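1. sequence unavailable; structure follows:
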């Protein structure tokens with residue numbers, strides 16, 4: 001972990017005139033402290049001032065875990081009785097002198113529970129989004145972050161290779177998804193996978209976020225497998241498509257279009273190019289083939305501690321690609337009643353271009 005993350009954050013906070021950043025349990029807390037707290041009925045709140053030592057409010061029984069923090073913290077543990085929590089929050093906020101200060105939060109993850117406890121402690125207050133500051137810090141991956149993502153990709157790819165011989169007509173999507181989870185864990189993924197694997201066959205593959213069902217694979221089916229692993233907190237997110245146990249000339253033609261769209265988007269990805277131009281490159285291939293209406297989602301999204309984060313590779317993205325950004329490229333064609341094909345890779349922007357971090361063949365093969 002970069003030991004300068006908090007100081008970099010505080011510099012940005014002073015520039016943006018943000019007095020306090022409030023973070024609850026989750027990836028942002030882990031990003032700054034190395035502490036892994038899951039959201040639960042017990043709040044865990046990190047308050048980072050623009051100057052000085054951060055304050056951490058947490059359940060008392062977690063004190064041994066908190067000793068593992070990678071940064072120095074002022075600690076405010078609380079007891080199990082929720083009636084005692086407001087007093088601890090009041091003590092912690094008084095330490096920082098919160099009244100009359102502006103508090104930033106992560107708008108997609110900060111909960112009402114924590115916000116209400118802070119407001120109860122300090123009264124009416126001004127909360128604003130700190131999304132732009134967090135984005136500046138997290139969108140460029142440092143070397144150790146890229147190494148963790150590489151390892152997460154390696155684990156995911158090994159798991160899929162173990163799964164492939166188990167794919168055959170008659171097995172269900174759910175069974176394959178369960179087997180893939182087992183293989184991911186066996187190959188070294190952390191148990192908190194970035195998302196539940198998508199195994200979508202036949203007509204179900206026309207739904208980009210299909211949930212594995214009891215449907216049995218059939219000869220000639222399209223099969224989409226979207227899966228990922230987690231290593232040292234960082235994730236991979238990959239998709240490969242197949243045709244099950246027999247020829248399907250129509251799906252093979254669709255697969256060639258999607259593969260070309262994937263390759264064209266990768267070729268477009270480099271520093272100082274708008275993310276929207278990468279989306280345009282993929283979308284242009286599919287539009288020219290006559291299937292523009294069947295490409296129904298953005299071309300990609302950033303990955304890091306979360307499976308979806310900046311930069312987003314979409315038609316409306318405001319991002320310009322820069323070295324250190326890691327994201328997916330995942331064009332797809334989805335035809336209701338017939339099936340779908342998606343090919344997803346993980347991409348690192350380098351100083352001179354891009355590197356494809358994922359290594360499995362993109363060819364849509366019969367298995």
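-> It's in. Note that the structure is predicted; figures quoted are calculated from it, not measured.
2. per-residue confidence for residue 120?
-> pLDDT, residue 120: 89.
3. so how far is residue 149 from the spatially most central residue of the chain?
-> Geometric centre of the chain, nearest residue: residue 307, 1.5 Å, by C-alpha atoms, centre = their mean. Separation of residue 307 from residue 149 (C-beta to C-beta, to the nearest Å): 11 Å. All C-beta spots, glycine's among them, are computed from the backbone N, C-alpha and C.
4. what does residue 21 give?
-> 25 Å.
5. same check, this time on residue 278
-> 19 Å.
6. the two: which has the busier surroundings?
-> More neighbours surround residue 278 than the other of residue 278 and residue 149, with 29 against 26 (other C-beta atoms under 10 Å).
7. can you pull the buried residues of stretch 135-149?
-> When neighbours are counted by 16 or more other C-beta atoms under 10 Å, the buried residues of stretch 135-149 are found to be 137, 138, 139, 141, 145, 146, 148, 149.
8. what do you get for stretch 56-65?
-> 56, 57, 58, 59.
9. and stretch 214-231, by the same measure?
-> For stretch 214-231, the neighbour count (16+ other C-beta under 10 Å) marks 215, 217, 220-231 as buried.
10. ditto for stretch 115-135
-> In stretch 115-135, counting by 16+ other C-beta under 10 Å, buried: 115, 117, 118, 119, 121, 122, 125, 127, 130, 133, 134.
11. same deal with stretch 244-262?
-> Neighbour-count burial for stretch 244-262 [16+ other C-beta under 10 Å]: 244, 245, 248, 251, 254, 255, 257, 258, 259, 260, 261, 262.
12. just the mean pLDDT for that stretch, thanks.
-> 95.
13. also stretch 298-313?
-> For stretch 298-313, the mean confidence score works out to 98.
14. so how far is that stretch from its chain's centroid?
-> Its chain's average C-alpha position is 6 Å from that of stretch 298-313, according to C-alpha atoms, centre = their mean, to the nearest Å.
15. what does it rub up against?
-> With contacts defined as C-beta atoms under 8 Å, 6 or more residues apart in numbering, stretch 298-313 is touched by 27, 30-31, 135, 138-139, 141, 145, 149, 194-195, 228, 233-237, 265, 275-276, 278-279, 282-283, 314-315, 317, 319, 321, 325-331, 344, 346-347.
16. ditto for stretch 260-270
-> In contact with stretch 260-270 (C-beta under 8 Å, 6+ apart) are residues 277-286, 295, 299-300, 313, 321, 329-331, 343, 345, 347, 349, 352-354, 356, 362.
17. out of those residues, name the ones that lie in helices.
-> In helices, judged by DSSP state H, the following of the contacts of stretch 260-270 are found: 277, 278, 279, 280, 281, 282, 283, 284, 285, 286.
18. buried ones among those residues?
-> So, of the ones in helices among the contacts of stretch 260-270, 277, 278, 279, 280, 281, 282, 283, 285, 286 end up buried under the neighbour-count rule (16+ other C-beta under 10 Å).
19. tell me which of the residues you listed is nearest to residue 109?
-> residue 279 (25.6 Å; C-beta to C-beta).
20. any idea how far the closest one is from residue 338?
-> For residue 279, the distance to residue 338 - C-beta to C-beta - is 24 Å.
21. residue 255 now?
-> For residue 255, the distance to residue 338 (C-beta to C-beta) stands at 13 Å.
22. let's see which of the buried residues of stretch 56-65 end up in helices.
-> Per DSSP H, helices hold no members of the buried residues of stretch 56-65.
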